[in-house]
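Undergrad: what's the 3D shape of this:
(one chain, ligands or ions: 1)
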Amino acid sequence: MSSLKTKITLCAAVLSIAVVLSLGFAQLHLIRNKVGEVLASQQYGLASTAAHNLDQRLQLTQSMLAGVAELLSQQLAAGKVDYNQFLHERPALAATFDDVMIFAPDGQLLGRNPLPDAPPVSDIATLAHFRQTLGSNKPVISAPYLAGAARIPQIMFTAPVRDRQGRLLAVIGCSFNLLKPNLIGAIGQSRIGKTGYLFLMTGSGTIISHPDAGTLLRNVDSFTQAAPNVAAQGLQQADGTHEGPGLDGGSVLASFARMQQANWRMVAVLPTGEAYAPIREAQQRLIIALAAASLVALLGAWLLMRWLMTPLLQLRDGITRQHAALGAYEPIALPDRQDEIGAVAEAFNKLMADQVHMQDALFAEKERLQITLRAISDPVLTTDAQGRIDYLNPAAERLTGWMLHDARGKDFITVAPLQDEVHGEAVDSPAQLALQQNRALMLEGHALPRRNDGALLAVDTSAAPIHDAEGRIVGIVLVLQDVTHRRQIARQVKWEASHDALTGLPNRREFEAQMADAVTRARRNGDLAALLLIDLDQFKPVNDLGGHAAGDALLVQIARLMAAQVRSRDVVARLGGDEFAVLLNDCAPEKAAQVAEKLRLAVAAQPFVCEARSYAVTTSIGIATISQDSASTDALRHADQACYAAKAAGRNRVMVYREDAMPTTSTPVPAGSIAEGLERDADEAAQD
Ligand SMILES: Nc1nc2c(ncn2[C@@H]2O[C@H](COP(=O)(O)OP(=O)(O)OP(=O)(O)O)[C@@H](O)[C@H]2O)c(=O)[nH]1
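TA: Presented below is the predicted three-dimensional model:
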């Protein structure tokens, strides 16, 4: 049912059947009208002929009655007449009528020649037609009436018998029993076709003769129906043929013809079922013929469509084969087809050739792209428009620890669970960010825990949307750069730039930066801080005696010692040579002096040994305070001055910078110095 062939066949068949049916039925309708007109004319002719015939016979009958009346008048004028004898001698009367009687003018029955089953004679004098006859000179035809106790429907013909002077001598009355096949009753027994018939009614619609004896003497108006029957309608209409419901309600053609001899109407009735039977039969034959023709047409159309569709199906099969074996394209061959289907096949072949060419080009392009991506040393990943992985290059596989076939279809962030490098918190998927913002992003400071071993790698991520020809995002390309090594070098460089390579302590630059921060805090919050500038006493001889390496070792040990003496939030730095500095944060001046003294004592108390030689070291320490109105350069300068003062005062002491009283000494001159220590070492060595 769904194939084009079937659809076209059915459509063509339905359309042609509809057209043929419409035309056929329109033609039949026209024929029916024409046939109806012919039938109406014929039937009216029949009714008219029947009416005319009856008129003639009535006229003859009345003439015969008039002649009998004249004869009776003559016999009565000649003498006494035996009325019964007179009637018996008139066989023509008896042959015509069912009952023949002679009445006296007062209605008395004078003679009678009845048929055997004639009803008894009723009181004739009361009947209208009898009274009418008394005043008439010619025969009278009665209205139909029910005679006698048996109520026989009948019609009486009367003729007055008058003498030469015109005096009424008698009345001849001859009746027709309407139930008998006499002159009138025979009308109702006439047949038209198989089911048609004639009937006779008076001008007022009383049925005189009808094939159904039960209807006699009923008025056509009394046949109650939804619509007036055609006979009742015919009473009001001129002679002619009308179609409508018959007395029994069935549709009939009824032709009406008025009679001359009596106010009667001859009606010819033919049920339309019979009247139009040929048309109906023609209709049925047409339908059967159409059904047969439709079947044949359907079959023919189907065969025709099959024939027409064969090349189309070949084309479809060819296309299906191409689809089944894409890449192994063979042109569809429809030889000798110069029509539209041949043109479609040719167009398809061209299209396929172009497509194969494009496919090859695309494949080559893809290969090139894949090779390029594989060759890129940076990890490259691509996602679809939902941020799900659809490609990883080998570098990305190594970086993430995911193989492409495992990773494909997974969220980018599942494959590359990036976190903040500093705080270790999970970060938003760069793929999703790039999708949302629809722009290229460069994201730094990420760390990636490697899937295989959990090693944390520093990565910089760049993400850029991929657009199709219409500008829609079809995916994201991401490059994860492993910057762990670079980050380490950068950290190293940064550390080296801010630290002293020998001792590992912050260098002068870093210390000055810390100082600047402390000064800022002091200015902003009033936080107090103190700066200790520490210079080793007589360090040069260490180098001279123990060599530069011994000097270095001593510097390292002193650095560790000092760092161990202060809090973690304090800063111990080596400013250069044998000069150290300590920044004591949150520290009041008094406390700073105590710390300085502690440092001085700690260094002094610590024997420094290098290559089996022990060195006693002392320090000169200058203290400056950092307060709300200090400048960092001032603090360093003040501490330097205080330290210088300590040196000047004999070394191994702590001096606090005071503007009004520089230099002052906070501690007594110590018992010894590095030089003295060296001396001591030299003596001890000599003793050894
Ligand atoms: N081993 C070693 N020696 C250094 C280093 N930097 C500077 N020096 C030496 O440290 C000595 C510093 O001497 P000074 O501060 O001038 O004098 P001093 O001998 O300490 O005497 P005073 O400071 O006056 O007590 C010099 O001999 C420098 O060569 C270093 O990194 N390593």
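
Undergrad: residue numbers of this protein in contact with the ligand?
TA: In this structure, the chain approaches the ligand at residues 502, 535-540, 543, 548, 551-552, 555, 577-578, 647, 651, judged by C-beta under 6 Å from any ligand atom. For the C-beta atoms, the positions are set from N, CA and C on the backbone; glycine is no exception.

Undergrad: ok, now with 5 Å
TA: Asp537, Gln538, Phe539, Lys540, Asn543, His548, Gly551, Asp552, Gly577, Asp578 (C-beta under 5 Å from any ligand atom).

Undergrad: could you work out the most separated pair of these?
TA: The span of the residues of the chain next to the ligand, defined through C-beta to C-beta, is set by Asp537 and His548 at 18.6 Å.

Undergrad: what's the neighbour count on the closest residue to the ligand within the stretch 151-300 of the chain?
TA: Using C-beta to the nearest ligand atom, Leu298 is the residue of the stretch 151-300 of the chain that sits closest to the ligand, at 113.7 Å. Residues near Leu298, counting by other C-beta atoms under 10 Å, number 17.

Undergrad: the stretch 501-650 of the chain: strands as residue ranges?
TA: Assigned by DSSP state E, counting those that start in this stretch, the stretch 501-650 of the chain shows strands spanning 529-536, 571-576, 579-585, 607-610, 613-616, 619-626.

Undergrad: so for Tyr145, which of those sits nearest?
TA: strand 579-585 (152.0 Å).

Undergrad: mind telling me which residue of this structure is nearest the ligand?
TA: Counting by C-beta to the nearest ligand atom, the chain gets nearest the ligand through Gly551, at 2.3 Å.

Undergrad: look up the closest residue to that residue, ignoring the ones flanking it.
TA: Asn543 (4.2 Å; C-beta to C-beta, 6 or more residues apart in numbering).

Undergrad: that neighbour against Ala550, yeah?
TA: Yes - Asn543 lies in contact with Ala550 (C-beta atoms under 8 Å); the separation is 7.3 Å.

Undergrad: out of those two, which sits in the busier spot?
TA: Ala550 (19 against 15).

Undergrad: and the gap between the more buried one and Ser209?
TA: 168 Å (C-beta to C-beta, to the nearest Å).

Undergrad: again, but for His29
TA: 36 Å.

Undergrad: tell me the SS of Glu274?
TA: Three-state call for Glu274 (DSSP: H, G, I helix; E, B strand; the rest coil): helix.

Undergrad: let me see the contact set for the closest residue to it other than its chain neighbours.
TA: Nearest residue to Glu274 in three dimensions, chain neighbours excluded: Thr195, at 4.9 Å (C-beta to C-beta, 6+ apart). Residues near Thr195 by C-beta atoms under 8 Å, 6 or more residues apart in numbering: Leu270, Pro271, Gly273, Glu274.

Undergrad: can you pull out the helices in the stretch 401-550 of the chain?
TA: 404-407, 412-415, 430-437, 484-498, 508-525, 540-565 (DSSP state H, counting those that start in this stretch).

Undergrad: and the fifth one with helix 484-498, angle?
TA: With axes from the mean of the first three to the mean of the last three C-alpha atoms, to 10 degrees as the basis, helix 508-525 and helix 484-498 are set at 80 degrees to each other.

Undergrad: with the last one instead?
TA: Using the same axes, to 10 degrees, one finds that helix 540-565 and helix 484-498 are set 120 degrees apart in direction.

Undergrad: buried set for helix 540-565?
TA: Residues 541-542, 545-546, 550-559, 561-563, 565 are the ones in helix 540-565 that count as buried (16 or more other C-beta atoms under 10 Å).

Undergrad: so where do the strands sit in the stretch 301-450 of the chain?
TA: Using DSSP E, counting those that start in this stretch, strands in the stretch 301-450 of the chain cover 380-384, 389-392, 419-420, 441-449.

Undergrad: and among the ones you listed, the most buried is which?
TA: The highest mean neighbour count among the strands of the stretch 301-450 of the chain, using mean count of other C-beta atoms under 10 Å, belongs to strand 380-384: a mean of 23.

Undergrad: residues contacting that strand, please?
TA: By C-beta under 8 Å, 6+ apart, the residues outside strand 380-384 that reach it are 373, 389-393, 395-396, 400, 412, 415-416, 431, 466, 474-480.

Undergrad: drop anything exposed from these.
TA: Buried among these (16+ other C-beta under 10 Å): 373, 389, 391-393, 395-396, 400, 412, 415-416, 431, 475-480.

Undergrad: where does the protein have low pLDDT?
TA: Where the chain drops to pLDDT under 70, the residues are 1-4, 225-226, 325-328, 631-632, 660-688.

Undergrad: how does it divide into domains?
TA: 195-210+220-271, 376-489, 499-687 (automatic domain parsing).

Undergrad: which one of these lies closest to Pro181?
TA: domain 195-210+220-271 (9.9 Å).

Undergrad: now do the closest one: distance from first to last residue.
TA: Distance across domain 195-210+220-271, first residue to last, is 7 Å (C-alpha to C-alpha, to the nearest Å).

Undergrad: for stretch 389-402, same thing?
TA: End-to-end for stretch 389-402, by C-alpha to C-alpha: 11 Å.

Undergrad: same thing with stretch 241-254?
TA: End-to-end for stretch 241-254, by C-alpha to C-alpha: 5 Å.

Undergrad: which residues touch that stretch?
TA: 36, 39-41, 43-44, 215, 220, 223, 225, 227-231, 233-234, 255-256, 267-273, 275.

Undergrad: what residues of that stretch count as buried?
TA: So, applying 16+ other C-beta under 10 Å, buried residues of stretch 241-254: Thr241, His242, Glu243, Gly244, Pro245, Gly246, Leu247, Val252, Leu253, Ala254.

Undergrad: with stretch 311-319 instead?
TA: Pro311, Leu312, Gln314, Leu315, Gly318.

Undergrad: can you give me how far it is from the chain middle?
TA: 32 Å (C-alpha atoms, centre = their mean, to the nearest Å).

Undergrad: show residues contacting that stretch.
TA: Leu4, Ile332, Ala333, Leu334, Arg337, Ile341, Gly342, Val344, Ala345, Phe348.

Undergrad: the second one reaches Asn349, doesn't it?
TA: This means Ile332. Yes - counting by C-beta under 8 Å, Asn349 is a contact partner of Ile332 at 6.0 Å.

Undergrad: mind listing what the residue nearest to Ile376 when sequence neighbours are not counted touches?
TA: The spatially closest residue to Ile376, leaving aside those adjacent along the chain, is Asn393, at 6.0 Å (C-beta to C-beta, 6+ apart). For Asn393, the contact set (C-beta under 8 Å, 6+ apart) comprises Leu373, Arg374, Ile376, Pro379, Val380, Leu381.

Undergrad: I'd guessed the fourth one sits against Leu399; true?
TA: In other words, Pro379. Yes - counting by C-beta under 8 Å, Leu399 is a contact partner of Pro379 at 4.2 Å.

Undergrad: hey, what's in contact with both of those two?
TA: Common neighbours of Pro379 and Leu399, using C-beta under 8 Å, 6+ apart, are Leu480, Asp482.

Undergrad: from Cys587, how far out is Asn229?
TA: 136 Å.

Undergrad: which of those two has more neighbours?
TA: More crowded of Asn229 and Cys587, by other C-beta under 10 Å: Cys587, with 26 against 22.

Undergrad: how about the more buried one: what's its closest non-neighbour residue?
TA: Using C-beta to C-beta, 6+ apart, the nearest residue to Cys587 is Ala530, at 4.8 Å.

Undergrad: beta-bridge partners for the one you found, please?
TA: Beta-bridge pairing for Ala530 (DSSP bridges): Leu584, Thr625.

Undergrad: for it, give me its contacts.
TA: Contacts of Ala530 by C-beta under 8 Å, 6+ apart are Leu583, Leu584, Cys587, Ala588, Pro589, Lys591, Ala592, Val595, Ile623, Ala624, Thr625, Ile626.

Undergrad: and those, which are buried?
TA: Using 16+ other C-beta under 10 Å, the buried members of those are Leu583, Leu584, Cys587, Pro589, Ala592, Val595, Ile623, Ala624, Thr625, Ile626.
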